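Novice: Can you look at this prediction? I've put the sequence above it.
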Amino acid sequence: MSQTPLAPYAERADLTKGRRFFEPPSRTRTAFARDRDRIIHATAFRRLKEKTQVFVAHEGDHYRTRLTHSLEVAQIARSLAHALRLDDDLAETVALAHDLGHPPFAHAGEDELVIQMTDHGGFDHNVQSFRVVTELENRYPQFDGLNLSWETVEGVIKHNGPVSHRLDEPAWSVVRPYRTGGEAGWDLRLGTFASLEAQCAAIADDIAYNNHAVDDGVQAGLITLQDLDQVPLIGPMLAEVRRDWPAIDDRMLRIEAVRRMIGVMVEDVLAETARRLEEDRIGSTEDVRTATRTMVDFSRSMHADLAVLRKFLFERMYRHYRVNRTRSQARRVLSQLFELFMAEPEVMPPEWAVPAATEDRTQRARAVCDYIAGMTDRYAIEVHQKLFSLDLALDL
C-alpha cells in the first residue's frame, strides 16, 4: 500500500537541520524516530510512571500518571498529524517529551519549586523539560543530554508558541544561548512558531488533559456524572450515549462519553486547522514559523465551551478539599526537603551533592532543585520519611 505523501508544510526527517553534536544518520530509523526512541529510553521518561497528574501516585492504580498522560497525548498528536499529512513521528516525539521536566506532585510540586527558586534563578517545567533533553540526561559519552534533532528540541521549548518574550525571566535564562548569535551556536528561532507537528502535540495535551481530568475525577468520586450533565462538551456526550444505550451502566457511560468527547475535539481541531491553513495561505514550513498565529487550534466556539469546562473542573475538582489536602502535604514535603538539602547538601546522593557543595547559593539551589524535580512522588515521600522520621534506620 502506498504511503500518503506529506503536505508541503510538513517537516521532513530527511531535511532535518541536524543535531547540535554531529552523529551519522541511523540506517534503520528516521531522525525523528531516533529522537523518539532516545526519549523512551531516557531515565526522566521512566520516572513519569510515578509522577502525578492530579492524584498522588500511591492513591490508586487506575488514575493517570505523567507517563500514561504522555502516552495518551502522543496517541492524539500522532492521529492529528496523520490526518493533516504531517510527520507523525515528530508529533509523537514532542508529545512524549513535553512533560519530562515536571517535578513530583503535579502543579503543587511546581508551585513549591517556583517559590523555593525565587531568589535563585526561578523554575519553569517547560524549561526543565528543555534542560532534561539538552543537558541533564546523562546517557552518552560524547555529549550531555540526548542530542536530539533541531526540530524536536525546537518543539520541546516552543510547542506553546514563540518564547523570545520570556527570555528576560530568570527561569528562561538557560534558553538564551539558543537564540541568534547565542553561545550554544544553535539558533532555535525563539521568536517564531514551532512546526505544525509540535503544535499538534500542544493541542493534544489540552485534549487529553481535559478529557482525562473528567474521567479521573468521576472515578475518584470528586464529581458525579449528574454534576456533568449541564457542562458543555461532556454533558451533550452523556445525553447522546444515554439515548444510544438506555440501559448502559455508569462506568461504561463515563468511558463512552469521554471517548466521544475526544473525537469531537479532534474533529474540531482538524476543521479549524484546515480553515486557518487555507485562510493564511500556508504552503511551507517557513510559512508556519513566520505566521501571525497558531495554526493548529480549536474553533472559537470550542474555546468557549472549554473555558466553561475548565472553570467547572477547577472549582469542583482541582480545589476539592481532598485534592487541597494532598497539595498541602506535597508542598510541605518538597519545602522541607529543599530547606534540608540547602543546609546539608552532603545528605544528597554524590551526583547531586558534589555540584551543590559550593558557597554559591544559587548554584547550590539549582542542584537541589534538579534533584527534587527529578524525583517521583513515591521517592520524594520515601526520602522525606527517611530524613525526617525519628526512627533511625540503617538504610539511610
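Specialist: The structure has been received and is ready for your questions. Numbers count the residues shown, from 1 in each chain.
Novice: Okay, residue 354 and residue 7: tell me how far apart.
Specialist: Distance, residue 354 to residue 7, using CB to CB, to the nearest Å: 49 Å. C-beta coordinates here come from the backbone N, C-alpha and C atoms, glycine included.
Novice: Who has more neighbours out of these two?
Specialist: Taking neighbours as other CB atoms under 10 Å, residue 354 and residue 7 compare with residue 7 leading, 16 against 13.
Novice: I'd say the more buried one and residue 87 touch.
Specialist: No - here residue 7 lies out of contact with residue 87, judged by CB atoms under 8 Å, at a distance of 9.7 Å.
Novice: Overlap in contacts, those two.
Specialist: Common contact partners of residue 7 and residue 87 (CB atoms under 8 Å, 6 or more residues apart in numbering): none.
Novice: List the contacts of residue 254.
Specialist: Shown in contact with residue 254 (CB under 8 Å, 6+ apart): 215, 218, 219, 225.
Novice: now these in a markdown table, with pLDDT and secondary structure?
Specialist: Formatted as a markdown table, the contacts of residue 254 follow (pLDDT from 0 to 100; DSSP: H, G, I helix; E, B strand; the rest coil):
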| residue | pLDDT | secondary structure |
| --- | --- | --- |
| 215 | 90 | helix |
| 218 | 92 | helix |
| 219 | 88 | helix |
| 225 | 95 | helix |
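Novice: Highest neighbour count among these?
Specialist: Greatest neighbour count in the contacts of residue 254, by other CB under 10 Å, goes to residue 218: 23 neighbours.
Novice: pretty sure it is touching residue 226, no?
Specialist: No - look at residue 218 against residue 226 with CB under 8 Å: they stay out of range, at 10.3 Å.
Novice: which parts of stretch 349-365 are buried?
Specialist: Residues of stretch 349-365 classed as buried: 352, 353, 355, 356, 364, 365 (neighbour count, 16 or more other CB atoms under 10 Å).
Novice: Give me the subset of these that lies in helices.
Specialist: Among these, the members found in helices (DSSP state H) are 352, 353, 355, 356, 364, 365.
Novice: closest to residue 302 among the residues you listed?
Specialist: Of all those, residue 302 sits closest to residue 365, with 41.3 Å by CB to CB.
Novice: Show the contacting residues for that closest one.
Specialist: Residue 365 sits next to 116, 117, 120, 121, 342 when contact means CB under 8 Å, 6+ apart.
Novice: so which strand or helix has the third one?
Specialist: Put plainly, it is residue 120. Using DSSP states H and E, residue 120 sits within no helix or strand.
Novice: now residue 138, nearest residue through space, not along the chain?
Specialist: Spatial nearest neighbour of residue 138, excluding adjacent residues (CB to CB, 6 or more residues apart in numbering): residue 144 at 6.7 Å.
Novice: Look up how far residue 210 lies from the one you found.
Specialist: Counting by CB to CB - residue 144 and residue 210 are separated by 35 Å.
Novice: Comparing those two, which shows the higher neighbour count?
Specialist: Between residue 144 and residue 210, residue 210 has the larger neighbour count (other CB under 10 Å), namely 19 against 14.
Novice: and the closest residue to the more buried one other than its chain neighbours, how many neighbours?
Specialist: Nearest non-adjacent residue to residue 210, counting by CB to CB, 6+ apart: residue 309, 6.1 Å away. Neighbourhood size, residue 309 [other CB under 10 Å]: 21.
Novice: do residue 101 as well
Specialist: Each residue near residue 101 was counted by other CB under 10 Å, and the total is 24.
Novice: List the contacts of it.
Specialist: Applying CB under 8 Å, 6+ apart, one finds that residue 101 lies in contact with 44, 125, 126, 127, 128, 129, 130, 131, 132, 373.
Novice: if I pick the residue nearest to it when sequence neighbours are not counted, what's in contact with it?
Specialist: Closest residue to residue 101 apart from its sequence neighbours, by CB to CB, 6+ apart: residue 128 at 2.8 Å. Residue 128 makes contacts with 100, 101, 102, 103, 373, as judged by CB under 8 Å, 6+ apart.
Novice: Give me the local confidence score for residue 128.
Specialist: Looking at residue 128, its pLDDT reads 98.
Novice: does it sit in a helix or strand, and which one?
Specialist: Counting by DSSP H and E, residue 128 is part of helix 125-131.
Novice: So what's the gap between that helix and the chain middle?
Specialist: 9 Å (CA atoms, centre = their mean, to the nearest Å).
Novice: Would you mark the buried spots in it?
Specialist: Residues of helix 125-131 classed as buried: 125, 126, 127, 128, 129, 130, 131 (neighbour count, 16+ other CB under 10 Å).
Novice: phi, psi of residue 19?
Specialist: phi -110, psi 160 (degrees, to the nearest 10).
Novice: Not counting sequence-adjacent ones, nearest residue to it?
Specialist: Leaving aside its sequence neighbours, residue 19 sits nearest to residue 147 (CB to CB, 6+ apart; 5.0 Å).
Novice: still on that earlier bit, which one among the contacts of residue 365 gets closest to residue 325?
Specialist: Comparing the contacts of residue 365 against residue 325 with CB to CB places residue 116 closest, at 21.0 Å.
Novice: Let me see the contact set for that closest one.
Specialist: With CB under 8 Å, 6+ apart, residue 116 has these contacts: 123, 334, 335, 338, 365, 369.
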